[in-house]
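Enquirer: predicted model and sequence below, questions to follow.
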Amino acid sequence: MEKLFYGENENQFGELRLPEGEGPFPVAVVIHGGFWRKPFTLEIMREVAEDLTKSGFATWNIEYRRTGQEGGGYPGTLTDAAQATDYIRELAKSFPLNLEKVVTIGHSAGGHLATWLAARNRIDKNNELFIKNPLPLHGVVSLAGVNDLEMMYGVHNYRDQALSLDPNNPTAELIGGSPENYPERYKNASPIELLPLSVQQILVHGALDINVPIGISDYYQREAEGEGDFVKLIELPSAEHFMLIDTTSFAWETIKEEIKLLVEH
């Protein structure tokens with residue numbers, strides 16, 4: 001494993017792992033979740049990255065600036081993910097990476113970023129999230145991904161009001177406020193608003209997920225297919241949120257097979 005920086009900030013780095021052999025290897029950009037918040041780091045996804053590397057993938061497990069950190073939130077969290085992914089072009093100059101077979105794999109908030117990375121070429125060039133010449137992706141794997149930011153905002157807002165809780169809305173923290181206050185930000189940061197992506201997408205969601213409702217993936221899939229995208233939704237009846245990144249679970253075995261199939265097509 002090599003820790004390599006794609007930017008100047010202490011959080012702008014990734015961990016590159018290479019499998020046995022000569023390559024060039026398909027590349028999995030591995031993106032951790034944690035509702036885009038400071039306490040959660042790429043350590044969450046290390047076992048996933050290690051297991052994928054054993055299965056023949058070069059893995060680029062990325063860190064990014066998060067809410068609660070200087071430069072985190074909108075737009076920095078998103079542009080960091082974009083810059084980290086585009087940096088694979090630089091890595092390919094020194095390591096045997098197949099730039100034709102780059103897939104993103106993200107969990108929860110990382111699932112949002114994984115899908116958004118395939119959508120960002122649809123952002124207007126005058127927008128602050130726009131970065132020219134994005135690295136083309138072969139596919140996306142979203143594990144319990146937050147692919148509809150407005151819906152996720154509504155879920156937390158409803159919960160806080162129904163239970164008379166203090167506001168605790170990670171989507172609002174990421175974007176800077178509500179969809180009513182920042183409609184343009186939600187439009188450009190939310191994958192569902194940028195459809196169609198014209199990239200193969202696999203969504204995996206556990207029916208027992210209480211962190212990100214499965215309805216988000218279900219609704220996203222129907223909208224994406226309506227726009228002409230190929231989106232495969234795998235609902236796991238007995239899985240909760242974190243089982244999807246537990247490399248000892250039946251859920252992960254299913255996910256890994258789907259990732260392998262994705263790069264073969």
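Expert: Good, I have the coordinates. For clarity, every value in this text was computed on a predicted model and none was experimentally measured.
Enquirer: so what does the helix or strand harbouring Ala82 touch, helix or strand wise?
Expert: Assessed by DSSP states H and E, Ala82 sits inside helix 76-86. With contacts taken as 3 or more C-beta pairs under 8 Å, 6 or more residues apart in numbering; DSSP states H and E, helix 76-86 sits against strand 25-31, strand 58-62, helix 109-119. Using the backbone N, CA and C atoms, a C-beta is placed for each residue, glycine as well.
Enquirer: buried sites along it?
Expert: 76-82, 84-86 (16 or more other C-beta atoms under 10 Å).
Enquirer: now it against helix 109-119, angle please.
Expert: With axes from the mean of the first three to the mean of the last three C-alpha atoms, to 10 degrees applied, the angle from helix 76-86 to helix 109-119 works out at 60 degrees.
Enquirer: show residues contacting helix 76-86.
Expert: 6-7, 9, 11-12, 14, 29, 31, 36, 60, 62-67, 102, 104, 113, 116-117, 120, 129, 131, 133-135, 137, 174, 189 (C-beta atoms under 8 Å, 6 or more residues apart in numbering).
Enquirer: same question, stretch 30-49
Expert: Under C-beta under 8 Å, 6+ apart, the answer for stretch 30-49 is 14-15, 17, 28, 52, 59-63, 66-69, 72-73, 77, 81, 104-111, 113-114, 144, 170-171, 173-174, 245, 247, 252.
Enquirer: what is the burial count for the residue nearest to Val141 when sequence neighbours are not counted?
Expert: Leaving aside its sequence neighbours, Val141 sits nearest to Ile105 (C-beta to C-beta, 6 or more residues apart in numbering; 4.4 Å). Ile105: 29 surrounding residues under other C-beta atoms under 10 Å.
Enquirer: again, but for the one 10 residues further on
Expert: Other residues lying near Thr115 total 30 when counted by other C-beta under 10 Å.
Enquirer: what about the strands in the stretch 151-265 of the chain?
Expert: 200-206, 231-236 (DSSP state E, counting those that start in this stretch).
Enquirer: tell me the mean pLDDT over the longest one?
Expert: So the one you mean is strand 200-206. On average, the pLDDT along strand 200-206 is 98.
Enquirer: can you pull out the low-pLDDT segments for this protein?
Expert: In the predicted model of the chain, residues 159-166 satisfy pLDDT under 70.
Enquirer: in CSV, list the helices and strands packed on helix 76-86 along with distance to Thr41.
Expert: Output for the helices and strands packed on helix 76-86, formatted as CSV (distance: least, C-beta to C-beta, whole Å):
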stretch, distance to Thr41
strand 25-31, 12
strand 58-62, 10
helix 109-119, 11
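Enquirer: buried sites along stretch 99-117?
Expert: 101-117.
Enquirer: from Asn147, how far out is the closest residue to Pro170 other than its chain neighbours?
Expert: Leaving aside its sequence neighbours, Pro170 sits nearest to Phe35 (C-beta to C-beta, 6+ apart; 3.6 Å). Applying C-beta to C-beta, to the nearest Å, the value for Phe35 to Asn147 is 14 Å.
Enquirer: could you confirm Val103 falls within a strand?
Expert: Yes - assigned with DSSP: H, G, I helix; E, B strand; the rest coil, Val103 falls within a strand.
Enquirer: so it sits against Pro136, correct?
Expert: No - if you go by C-beta atoms under 8 Å, Val103 and Pro136 don't touch, sitting 11.2 Å apart.
Enquirer: in the protein, which residue is closest to the centre?
Expert: Central residue of the chain (C-alpha atoms, centre = their mean): Ala114, 2.6 Å from the mean position.
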